[in-house]
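Asker: Predicted model and sequence follow; I will ask about them next.
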Amino acid sequence: VAFYALFGAIKSCTALGLKGRPFYLKQKDIVDAMKESSSSDGAAAKISDSPFSNFFTYDDLATAVEEDFLDANRGSTNNAQGWKVTGVSKPRGSSFEDARMTFEEVEDSLQKGTVIFNAIGAHIPKLAGPTLACCDASSLPNALNMYVTAPGKKTSAPPHTDRQDVVVVQTQGRKHWRVYSPPNPALDPLADMYARGKGDDALPLHALESTHGCTKLIDVTLDVGDVLFVPAGFPHTTDTAEEGSDTTSIHLTFNLDTHVWDLDYLSARRLALARAGVVDTALEQTKDSDNRYVGKANLLPADVRADLFEALPLGLLEDDDNGAAMVDEVTTKLERISQTIDEETASGVTESVWKD
């Protein structure tokens, strides 16, 4: 219930992507909100902790690794280079047991960096409920990743951006977060603004503000039970170097996968042009294999680019009256954005194609 309420609130009052704004909720904020919405004074008096505190712990992780066939990666820790990952385990033989990742391998990797469990909500029953709650509340496909970091790490994730809007729930320990405004894509138009600082694309911490035009928006340590929202395209970096904590940090990251599933105005425009048989002379995105977030799209005026890269509204996929009403709103906005980019290409698309 608590997870569904969290995601429902984000859906109803939070802008996503480049038009979004990162924010955090401390445990006290969450408890106060729960008390305020409680049906009775007696029930409110019993609320003392965030429902997310210790929801998933190191002991839970140990049990899950021992009982299931899980896989994980370890992230790099150099904050001057792109974030890369390597596997935590290697098969020791040809049998099923020899191929299983052991908890000893997880603990060994924790000494070297953050251990990352991708799409873990599909594998651990305790995490399946929150994952489905995110999907139901947001009316959007999503994935849940889990990040486990030992205390005392000066860098647990180098500066990078994500293609997803993410909701971070700290379930054990503490983690320090710094979140920045997006880099100016016009400075490097061939870089994917939703994958900066990954692989061979370096986004050094010392250059975020001086070279890439970023501004620090959040500098906060999440304690157990706290929540953080980071919009897609906003650089962030983490560490567990603060003194006074000797507990392993565990946080759950719920991904709102609008851009992953092409649910933005850029992708809708691209599809409409293709269906109408119109060549995209304005942005020159002509092949399905083209990365739509690089090239001329990054050289558009900032306000036009923000409109173009904006995610389609949550709820558009719902099969109800609200979803149907959104279709007309999205169609009108899509046509307006496309006309602003280039009237000639937009004029070759009929209204029915824009709507479809």
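Answerer: Yep, it's here.
Asker: Go through stretch 53-60 and flag the buried ones.
Answerer: Buried residues in stretch 53-60, counted by 16 or more other C-beta atoms under 10 Å: Ser53, Asn54, Phe55, Phe56, Thr57, Tyr58, Asp60. C-betas here are computed from N, CA, C, even on glycine.
Asker: Against Gly113, how distant is the third one?
Answerer: By that I understand Phe55. 24 Å (C-beta to C-beta, to the nearest Å).
Asker: before we move on, what about Ile337?
Answerer: 41 Å.
Asker: So the two - more neighbours on which side?
Answerer: Counted by other C-beta atoms under 10 Å, Ile337 and Gly113 do not tie: Gly113 has more neighbours, with 22 against 18.
Asker: my guess is that one contacts Lys154, does it?
Answerer: No. The criterion here is C-beta atoms under 8 Å, and Gly113 misses it with Lys154 at 11.0 Å.
Asker: shared neighbours, those two?
Answerer: Residues touching both Gly113 and Lys154 (C-beta atoms under 8 Å, 6 or more residues apart in numbering) are Thr77.
Asker: Tell me where the stretch 251-356 of the chain has helices.
Answerer: Ranges of helices in the stretch 251-356 of the chain, per DSSP state H, counting those that start in this stretch, are 265-276, 302-309, 321-341, 343-346, 351-355.
Asker: how big is the angle separating the longest one from helix 302-309?
Answerer: It stands for helix 321-341. 140 degrees (axes from the mean of the first three to the mean of the last three C-alpha atoms, to 10 degrees).
Asker: mean confidence for helix 321-341?
Answerer: For helix 321-341, mean pLDDT rounds to 90.
Asker: what does stretch 251-264 give?
Answerer: 95.
Asker: which is the next helix or strand following the least confident helix or strand in the chain by mean pLDDT?
Answerer: Least confident helix or strand, the chain: helix 41-45 with a mean of 58, by mean pLDDT, DSSP states H and E. Scanning forward in sequence from helix 41-45 by DSSP states H and E, the next helix or strand is helix 58-67.
Asker: Contacts for the very next helix or strand once past that next one next, please.
Answerer: For helix 58-67, the following helix or strand on the C-terminal side (DSSP H and E) is strand 73-75. Residues from elsewhere that reach strand 73-75, judged by C-beta under 8 Å, 6+ apart: 83-88, 109, 112-116, 118, 156-157.
Asker: Just those residues: which are in helices?
Answerer: The members of the contacts of strand 73-75 that map onto helices under DSSP state H are Ser109.
Asker: Give me the buried entries from the contacts of strand 73-75.
Answerer: Among the contacts of strand 73-75, those scoring as buried are Trp83, Val85, Val88, Ser109, Gly113, Thr114, Val115, Ile116, Asn118, Ser156, Ala157 (criterion: 16+ other C-beta under 10 Å).
Asker: Now, these that are in strands?
Answerer: Mapping the buried ones among the contacts of strand 73-75 onto strands (DSSP state E) picks out Val85, Val115, Ile116, Ala157.
Asker: Widest-spaced pair of those residues?
Answerer: Across those, the longest distance by C-beta to C-beta is 11.7 Å; it joins Val115 and Ala157.
Asker: Residues that sit against both of these two, list them.
Answerer: Common contact partners of Val115 and Ala157 (C-beta under 8 Å, 6+ apart): Gly75, Tyr147.
Asker: Just give the closest residue to Val224, not the sequence neighbours.
Answerer: Ser53 (4.9 Å; C-beta to C-beta, 6 or more residues apart in numbering).
Asker: Show me how far stretch 339-356 is from its chain's centre.
Answerer: 31 Å (C-alpha atoms, centre = their mean, to the nearest Å).
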